[in-house]
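> sequence and computational prediction follow.
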Amino acid sequence: MEQHLDAYLDHLRLAGRASEHTLRAYSSDVLAMLDYAKQAGADVDQLLLRRYLVHLQKTDHARSSIARKMAAFRSYFRYLVKRGVIEIDPTEGLRPPKQSRPLPKVVTEDVVSHLMDAPDASTPLGLRDRAILETLYATGLRVSELLSLHVDDIVEGADEITVIGKRSKQRTVLLGSRAMDALTVYINVGRPRLAAKSDRCPDSLFLGQLGTKMVARTVGRIVDKYVEQVSGTLKISPHTLRHSFATHLMDHGADLRSVQELLGHENVTTTQIYTHVSRERLKEVYDRAHPRASEGADRLER
């Protein structure tokens with residue numbers, strides 16, 4: 001099987017379906033599996049692949065790493081079947097290990113409150129930054145969705161905006177009064193002063209310090225700046241505000257379907273992770289507050 005590996009990699013390269021990084025990873029994964037088969041003195045069949053997966057688990061490979069290796073095997077064997085090199089794909093019906101999804105990182109409502117107050121509201125950039133932070137937390141927008149907003153999308157006195165999400169799907173998100181106030185001041189006071197610095201000012205809602213359109217990296221630096229002012233040890237990203245938005249809604253009784261719609265998730269199972277986050281917070285509160293917490297926590301877990 002090894003002698004066909006170079007032809008397989010050339011096939012992927014010419015088809016343009018994989019980056020050079022992926023090709024190197026696939027090559028390494030397939031060679032490691034074939035080497036395991038040689039050491040075992042066995043043919044590469046489904047039984048051997050199952051043994052190899054067990055071997056990887058016992059040698060502390062992460063589930064995500066094992067799943068990637070399986071993807072490499074499956075792709076390679078399908079190629080060999082199509083070329084008539086082998087008759088049966090040994091990965092047929094073989095399932096990768098179930099992926100454990102880490103809980104999203106969130107910040108407390110107190111941290112959010114301090115973060116919103118951090119920008120200097122006496123400067124155009126401070127007004128812009130406060131509007132960005134308030135909007136991210138109030139709406140749960142992705143950074144790409146935030147930066148796609150135009151000035152005309154914000155109607156003073158309105159409590160909602162329409163955004164273009166993934167796969168160009170439209171959805172309506174809600175704006176709280178504090179976010180709307182911050183946006184109104186920015187649009188009326190801060191943005192005109194930034195727009196005056198550029199001869200060709202775009203109609204984008206959020207502008208850079210030279211009056212040009214902002215990029216995602218700049219939003220990340222803005223969040224880093226104010227997080228450092230609030231807490232020198234805390235490390236969060238703009239997406240953390242999206243996670244916090246959803247989690248705090250769940251903490252205060254929002255139903256799953258409403259949060260799904262606000263986040264723009266196609267599948268409710270994607271949103272369900274926030275129920276687990278809220279449950280963990282509930283358990284923490286219970287453990288701290290209840291005099292017989294250990295017994296109660298056990299019942300809650302069940």
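Done, it's in.

> show me what contacts the closest residue to Glu87 other than its chain neighbours?
Sequence neighbours aside, Val81 is the residue nearest to Glu87 in space, at 7.2 Å (criterion: Cβ to Cβ, 6 or more residues apart in numbering). The C-beta positions use only the backbone N, C-alpha and C, and glycine is treated the same way. Counting by Cβ atoms under 8 Å, 6 or more residues apart in numbering, Val81 touches 87-89.

> most neighbours among those, which one?
Asp89 (18 neighbours; other Cβ atoms under 10 Å).

> apart from its chain neighbours, what residue comes closest to it?
Spatially, and ignoring its direct neighbours in sequence, Asp89 is nearest to Phe77 (4.7 Å; Cβ to Cβ, 6+ apart).

> ok, the one you found touching Val85?
No. Assessed by Cβ atoms under 8 Å, Phe77 is found out of contact with Val85, at 9.3 Å.

> comparing those two, which shows the higher neighbour count?
A direct count of neighbours by other Cβ under 10 Å for Phe77 and Val85 places Phe77 higher, at 23 against 14.

> now the farthest one out in the chain, which residue is it?
The C-alpha centroid of the chain is most remote from Gly41, which lies 42.9 Å away (Cα atoms, centre = their mean).

> distance of that one from Ala15?
35 Å (Cβ to Cβ, to the nearest Å).

> Val219 - how many residues pack around it?
Other residues close to Val219 by other Cβ under 10 Å number 21.

> the strand or helix carrying it: how far from the chain's middle?
Secondary structure assignment for Val219, by DSSP states H and E: helix 216-230. Centre-to-centre, helix 216-230 and its host chain are 17 Å apart (Cα atoms, centre = their mean, to the nearest Å).

> export it to CSV, keeping only CA atoms.
Output in CSV follows, covering the C-alpha atoms of helix 216-230 (Å, rounded to 0.1, in the frame of the first residue of the first chain):
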residue,chain,number,x,y,z
ALA,A,216,-11.2,41.7,12.6
ARG,A,217,-7.7,41.8,14.0
THR,A,218,-8.3,45.4,15.2
VAL,A,219,-11.4,44.3,17.1
GLY,A,220,-9.3,41.6,18.8
ARG,A,221,-6.8,44.2,19.9
ILE,A,222,-9.5,46.4,21.2
VAL,A,223,-10.9,43.6,23.4
ASP,A,224,-7.3,42.8,24.6
LYS,A,225,-6.7,46.4,25.5
TYR,A,226,-9.7,46.8,27.8
VAL,A,227,-9.5,43.3,29.2
GLU,A,228,-6.0,44.1,30.3
GLN,A,229,-7.2,47.3,32.0
VAL,A,230,-10.0,45.4,33.8
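
> perfect, that will be all.
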